[in-house]
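Undergrad: turn this into a structure:
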Amino acid sequence: MAPAGRTLFPYTALGLLAAAIAWSTSFSTVAPADFSFINGTEVESVDPARVTGSPEGRIITALFEGLYRPDPKTLQPLPAMALRHEVSADNRVYTFHLRKDAKWSDGTPVMAHDFAWSWLRLLHPETGSQYAFLLTECVVNAAKYQHGPEVGDSVQVELDDRKMPLEPHPQGTLLAGKLMTISKPAKPVFQPQDSETKQQRLTEEWESKWVYTVEINGMPRQFCKEPKLAQAESERCLQVLLNVNEVGIKALDDQRFQVTLISPTPYFVYLAQFYPLYPVQRKCVEKYGYPGWIKKEHIVTNGAYQMEFRKVRDRIRLKKNPLYWDAANVKIDVADALAVESSATGLNMYLDGQVDWTQAPPSAVIPKLKSRDDYYGEASLTIAFYRCNVTRKGQEGKPLDNVLVRRALNMAIDKRALCDNLLRAGQKPARSFVPPGLPGYEPALCGEYNVKRAQELLAEAGFPGGKGIDTVEILYNSSGDHGTMAEFIGDCWRKNLGLKVSYRSLEWGTYLSTVDKLGFDIARGGWTGDYPDPNTFLNLFVSHGEQNQTGWKNPEYDKLIAAAAREKDPKRRLQIFHETEAILMDELPIIPIYSYVIVNMVKPYVHGFYANAQDVHPLREMWIDQAERAKYLEGRRRQ
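TA: The predicted structure follows:
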């Protein structure tokens, strides 16, 4: 192993070393943690239902636990809150048997009711979860619960008497009945120049005027969210939702949790170990609301760790949860997750001995790092891509609504040179959105690098040599190599297509919000498969998907995704996904750039860390050999 810090510091700026030293002194009055790691950007939240990022996922996986947990080597589901499960003969009904020794950190038992309530909370329209689709696409009536009931359905009307008016939980008074009619005013007419945000606002205003006639105890009653706007004689309500008894999510008793699927779903048990489906304690959420319930003085967890404190833009300190069912096998008592966006700063802190684990070191030093014993590189189920905002119009000088322009942008990027000359960790140029390697699946491909054809496509679109196109802005989040990658791709578009390109860097939270509101021309994106199946990638781009974030809609694409969900024959199902991806790769609302190689640097005295395709490394599985650590530190002192 190369001496730590001796051969690599010249490759990183001395100013960043100073920043790392500042980190080491910022908490001089706090006892050091047993284990420290770079967690990347500041986390948005630790509410499992409200986040999508990997930094958040690492913290949430330490604090909470789902029905199953992934084997750190193979990612196969292992028993966690559930000891086992049974599946019906038609592979649609899963009954999970919870362990009786599972407790919340306040000492109360974790029960099947906690899972049922938490999954319904994920689906609740006011939660606004971007991961609700995990359930809406496969669980009976989950989509109706989130998106709204139909005439004839059993419903629950929530009256306007919540204890916390702006919080969906605890709910106000619920009246059960049967939906008889929905009276809707004329739909809003959108203008071509209307943004996606404006269209969404107008749609919400329109829906708030709907008048629901519900039969309750044999008598019809009318309800509306905004009776004054509707100019109708009706009672004010907050929600009219499908009755929860109609949703395929049920607690049969304290220990048995049952889920009924629309059709057989091969990856369902993998979903059961994914953090959006972790339980949260109802009493805690309803008492403090959001975000109050996730504050360290309030939060109640069921995972291997509790939150000791959080200092924004610094760290989250995690301490071992003594009430965790497997606490005897959790070896790290105190861990610090440091919010460090700069990959260079993170590497310097690692080399200087301030942290035990860091991710994604700068590409410039990858060739030097590869020969080290503490270098972990693994091909992963992760794709780097660029989103195209297809609501940008040609008449506005941003013709991203033109498929020929998007195809030209794709074919003008020298992805091979990007991977081999800039990134240099073994990344592979991508021509598909689904990364290679899923058993039995053949990805559909977009066009390959071809400057001449890209120029022809741009001319066919009416913009020869880039004439008539205003400056195209590339948006990216300010961490890792995203800036250098954006500059490389921008240079390709300048040289090969004659385009003018600018760049905008935003911190993580602002970046996510901007992308969600379509406040960009081109935006950097990345996605790691949540389970080993094409669906985890392709269902992102259904027309109204929370993760679509491009403005692109294609009815045929939506139909194929739905058909794949219903298909029982495994081979035919994968063929449907291939046909679905072919549409995506033809129309290119997203441009695949490369498939990831995940790089981690982990000290040699840390055990229980394994490279895997989803870059999942639970803290509860790691441990430190103190004798090896002492030997390692002694070696550093002698250098």
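Undergrad: going by C-alpha atoms from here, please, whenever you check contacts or count neighbours.
TA: OK.
Undergrad: what about the helices in the stretch 401-550 of the chain?
TA: Assigned by DSSP state H, counting those that start in this stretch, the helices in the stretch 401-550 of the chain fall at 403-411, 415-417, 451-460, 482-497, 508-516, 535-538.
Undergrad: what's the closest of those helices to residue 604?
TA: helix 482-497 (28.8 Å; CA to CA).
Undergrad: contacts only, for the closest residue to residue 282 other than its chain neighbours.
TA: Nearest non-adjacent residue to residue 282, counting by CA to CA, 6 or more residues apart in numbering: residue 114, 6.8 Å away. By CA atoms under 8 Å, 6 or more residues apart in numbering, the contact set of residue 114 is 279-282.
Undergrad: repeat that for residue 540.
TA: Applying CA under 8 Å, 6+ apart to residue 540 gives the contacts 546-548.
Undergrad: re earlier: most packed of the helices of the stretch 401-550 of the chain?
TA: helix 403-411 (a mean of 24; mean count of other CA atoms under 10 Å).
Undergrad: list the helices and strands it packs on?
TA: Contacting helix 403-411 under the criterion 3 or more CA pairs under 8 Å, 6 or more residues apart in numbering; DSSP states H and E are the following elements: helix 451-460, helix 570-587.
Undergrad: which neighbours does the helix or strand following the last one have in its sheet, and in what orientation?
TA: Beyond helix 570-587 on the C-terminal side, the first helix or strand identified by DSSP states H and E is strand 590-602. Based on DSSP bridges, the strands next to strand 590-602 in the sheet, each with its direction, are strand 357-359 (antiparallel), strand 375-388 (antiparallel), strand 428-429 (antiparallel).
Undergrad: now residue 31. Its backbone dihedrals?
TA: Per-residue torsions, residue 31: phi -60, psi 140 (degrees, to the nearest 10).
Undergrad: what about it, neighbour count?
TA: 7 (other CA atoms under 10 Å).
Undergrad: residue 303 now?
TA: Count around residue 303 with other CA under 10 Å applied: 29.
Undergrad: what of the one 10 residues further on?
TA: Each residue near residue 313 was counted by other CA under 10 Å, and the total is 13.
Undergrad: same check on the one 4 residues further on?
TA: Summarising burial for residue 317: neighbours were counted as other CA under 10 Å, giving 20.
Undergrad: for the one 10 residues further on, same thing?
TA: Using other CA under 10 Å as the criterion, residue 327 is surrounded by 16 other residues.
Undergrad: OK, contacts around it?
TA: Neighbours of residue 327 in contact, by CA under 8 Å, 6+ apart: 304, 320-321.
Undergrad: check residue 120 too.
TA: Neighbouring residues of residue 120 by CA under 8 Å, 6+ apart: residue 249.
Undergrad: quick one: mean pLDDT for the strand or helix carrying it?
TA: Applying DSSP H and E as the criterion places residue 120 in helix 112-123. Average pLDDT, helix 112-123: 98.
Undergrad: what does stretch 502-520 give?
TA: The pLDDT scores in stretch 502-520 average 93.
Undergrad: neighbouring contacts of that stretch?
TA: 41-44, 196-197, 389, 471-479, 483, 486-487, 490, 523, 547, 549-551.
Undergrad: in strands, which of those fall?
TA: Among the contacts of stretch 502-520, DSSP state E puts 472-477, 523 in strands.
Undergrad: rewinding a little: out of the contacts of residue 540, give me the one that has the most neighbours.
TA: Busiest of these [other CA under 10 Å] is residue 548, holding 21 neighbours.
Undergrad: what about residue 63, neighbour count?
TA: For residue 63, using other CA under 10 Å, the count is 25.
Undergrad: having no further points to raise, I will conclude here.
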